[in-house]
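S.K.: show me the folded form of this:
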Amino acid sequence: MSTKPSSKSQILGTDSIPALLIRQALPASIGILVMSLNILIDSIFVGNWIGSIAIAAINVVLPVSFFIAALGMAIGIGGSSIISRALGANNYEKARKVFGNQISITLLITIPCVVFGLWFMDSLVFSFGGKGAIFEPAKIYYRIVLYGVPILALCMMGNNVIRAEGAPAHAMIAMLIPSVGNLLLDFILINQFNLGMAGAAWATTVSYILCFAYIAWFFISGKSELIGNIKDLIPEFNILKEIGGLGFVTLSRQAMSSVLYLILNNVLFELGGEESVSVFGIVGRMMMFALFPVMGITQGFLPIAGYNYGAQKWSRVREVIFTSIKYACIMGIFIFMGLFFFTREIAGVFTKNETVIEQASFALKLVFIAVPIISIQLIGAAYYQAIGKVIPALLLTLLRMGFILIPLVLILPQIYGELGVWISFPIADILSTIITAWYLWIAMKKLHRS
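M.R.: Below is the predicted model of the structure:
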């Protein structure tokens with residue numbers, strides 16, 4: 001075991017917890033916000049400069065990008081949990097081996113995906129919804145974006161590893177580069193050079209190449225402690241098993257989110273048609289944007305908890321849990337207040353349809369009413385992922401959405417109609433928070449005895 005001192009990751013075990021959490025969470029929050037805004041602004045640019053068919057074509061291909069991004073994120077988060085604990089235990093040899101295995105498994109998974117995706121391109125584009133006039137522009141976009149799939153996955157993986165090393169500012173820059181780069185390249189390739197769908201696709205792909213270049217520079221420039229030797233790239237079953245187990249938690253969360261959206265769209269269409277689906281579109285967008293500070297705190301929490309758990313600094317583990325929950329609850333209160341008092345104005349940004357605005361205003365108040373306490377559920381699930389406990393991490397991650405919210409969405413609308421959909425959210429938030437708080441309390445008592 002290597003015991004080389006670390007000037008970078010060591011601060012996770014020595015600096016003040018509140019200062020560390022702010023240092024980790026603020027860049028993560030900014031990165032999440034900018035990436036979310038990028039999706040919105042990119043759609044506006046493409047729709048105005050190419051046409052509405054272009055937006056539909058991109059939406060057809062988005063599931064592919066999201067799936068590959070989720071794979072990279074799963075490998076990144078799963079491996080980062082191990083790396084944080086290894087660095088906390090001064091086991092630099094294991095940390096480097098895990099990072100090498102992350103690179104190998106990312107390439108081993110994504111390169112065959114590219115070959116498969118290109119071979120069955122026509123049938124896949126059609127099955128994803130690329131029909132009629134959408135088919136040809138979707139195929140153009142799909143082919144070019146698919147070339148960059150391994151790069152996208154490596155970016156998502158590397159970003160989480162950088163954060164695990166205690167370098168959140170670099171992780172934030174890595175998230176900003178593709179967002180800003182994509183918008184600038186959209187302007188150049190679509191607006192100035194009139195490259196249409198090919199320009200939109202190359203803007204996306206090149207932006208991730210730029211992101212990868214920055215991440216690669218971080219690791220090879222001496223700023224990282226994880227560059228070892230070529231042997232670290234050789235896959236080891238035990239390491240891959242641990243990465244896969246923890247990464248499966250992230251993949252399951254992404255899959256459950258897709259299932260929930262599919263069910264909600266169908267249930268709401270049956271209850272109120274296109275207008276009800278539009279209402280959920282507004283609610284869903286706000287769930288993505290409004291919660292970015294809470295999600296940033298959760299991201300910042302992970303490496304601090306993992307490092308100190310690996311270093312067996314139990315008091316610091318307890319402190320980061322309580323501090324993260326406190327900060328996230330405070331942010332949740334501000335988020336709820338902002339939404340509660342400005343729901344009509346928020347809904348009005350998305351549409352001029354008065355019926356949709358009224359329904360969305362009412363729905364937003366109900367859906368976000370339990371936001372001040374939801375951080376307990378998020379931090380509780382993240383804690384078990386940070387310390388490498390796969391089964392409780394998986395169960396708590398799926399608890400709110402999979403075990404409670406989806407059944408409620410299927411049952412309550414049969415009794416209360418559309419109201420049943422919206423009240424399902426706070427009920428699921430409250431029940432999952434109570435259950436998670438109980439598990440977290442037991443974990444804290446164990447740490448107290450350690």
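S.K.: confidence-wise, which helix or strand of this structure is lowest on average?
M.R.: Counting by mean pLDDT, DSSP states H and E, the chain has its least confident helix or strand at helix 17-49, which shows a mean of 80.
S.K.: next one: that one to chain centre, how far?
M.R.: Mean-position distance between helix 17-49 and its chain equals 11 Å (CA atoms, centre = their mean, to the nearest Å).
S.K.: strands of the stretch 1-150 of the chain, start to end?
M.R.: Ranges of strands in the stretch 1-150 of the chain, per DSSP state E, counting those that start in this stretch: none exist.
S.K.: picking up where we left off before, the least confident helix or strand of the chain: which residues count as buried?
M.R.: 17, 20-36, 38, 42, 45-46, 49 (16 or more other CB atoms under 10 Å). The way it works is simple: take the backbone N, C-alpha and C, and place the C-beta from them, glycine included.
S.K.: counting neighbours, what do you get for residue 235?
M.R.: 12 (other CB atoms under 10 Å).
S.K.: now it, what's its secondary structure?
M.R.: coil (DSSP: H, G, I helix; E, B strand; the rest coil).
S.K.: same check, this time on the one 4 residues further on
M.R.: Using three-state DSSP, the structure places residue 239 in helix.
S.K.: how near is it to residue 82?
M.R.: 8 Å (CB to CB, to the nearest Å).
S.K.: which neighbours do these two share?
M.R.: Counting by CB atoms under 8 Å, 6 or more residues apart in numbering, the residues touching both residue 239 and residue 82 are residue 98.
S.K.: these two: which is more packed in?
M.R.: Ranked by neighbour count (other CB under 10 Å), residue 239 and residue 82 place residue 82 first, with 25 against 20.
S.K.: quick one: contacts for the residue nearest to the more buried one when sequence neighbours are not counted?
M.R.: Among residues not flanking residue 82 along the chain, residue 98 sits closest, at 4.9 Å (CB to CB, 6 or more residues apart in numbering). Going by CB under 8 Å, 6+ apart, residue 98 touches 79, 82, 83, 86, 239, 243.
S.K.: what segments of the stretch 201-350 of the chain are helices?
M.R.: Under the criterion DSSP state H, counting those that start in this stretch, helices of the stretch 201-350 of the chain are mapped to 237-290, 292-310, 314-341, 343-350.
S.K.: do I have it right that residue 173 meets residue 214?
M.R.: Yes. Judged on CB atoms under 8 Å, residue 173 makes contact with residue 214 at a distance of 6.5 Å.
S.K.: just checking, next helix/strand downstream of the helix or strand hosting residue 407?
M.R.: Using DSSP states H and E, residue 407 sits in helix 406-411. Helices and strands here follow DSSP H and E; after helix 406-411, the next one along the chain is helix 413-416.
S.K.: for residue 435, list the residues it contacts.
M.R.: Residue 435 touches 396, 399, counting by CB under 8 Å, 6+ apart.
S.K.: average pLDDT across the helix or strand hosting it?
M.R.: Per DSSP H and E, residue 435 falls inside helix 418-449. When pLDDT is averaged along helix 418-449, the result is 92.
S.K.: please apply the same query to stretch 356-363.
M.R.: Mean predicted lDDT for stretch 356-363 stands at 90.
S.K.: quick revisit: quick check: angle from the least confident helix or strand of the chain to helix 237-290?
M.R.: Angle, helix 17-49 to helix 237-290, by axes from the mean of the first three to the mean of the last three CA atoms, to 10 degrees: 70 degrees.
S.K.: and helix 17-49, what other elements does it pack with?
M.R.: helix 52-88, helix 168-186, helix 237-290, helix 292-310, helix 314-341 (3 or more CB pairs under 8 Å, 6 or more residues apart in numbering; DSSP states H and E).
S.K.: export the ones you listed to CSV and tack on mean pLDDT and distance to residue 117?
M.R.: As requested, those are exported to CSV (pLDDT from 0 to 100; distance: least, CB to CB, whole Å):
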stretch, mean pLDDT, distance to residue 117
helix 52-88, 82, 7
helix 168-186, 91, 20
helix 237-290, 83, 18
helix 292-310, 91, 29
helix 314-341, 92, 38
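S.K.: next structured bit after the helix or strand encompassing residue 379?
M.R.: Under the criterion DSSP H and E, the helix or strand holding residue 379 is helix 371-386. Helices and strands here follow DSSP H and E; after helix 371-386, the next one along the chain is helix 390-398.
S.K.: what's the most distant pair in the contacts of residue 98?
M.R.: The largest separation in those, counting by CB to CB, is between 86 and 243 at 12.3 Å.
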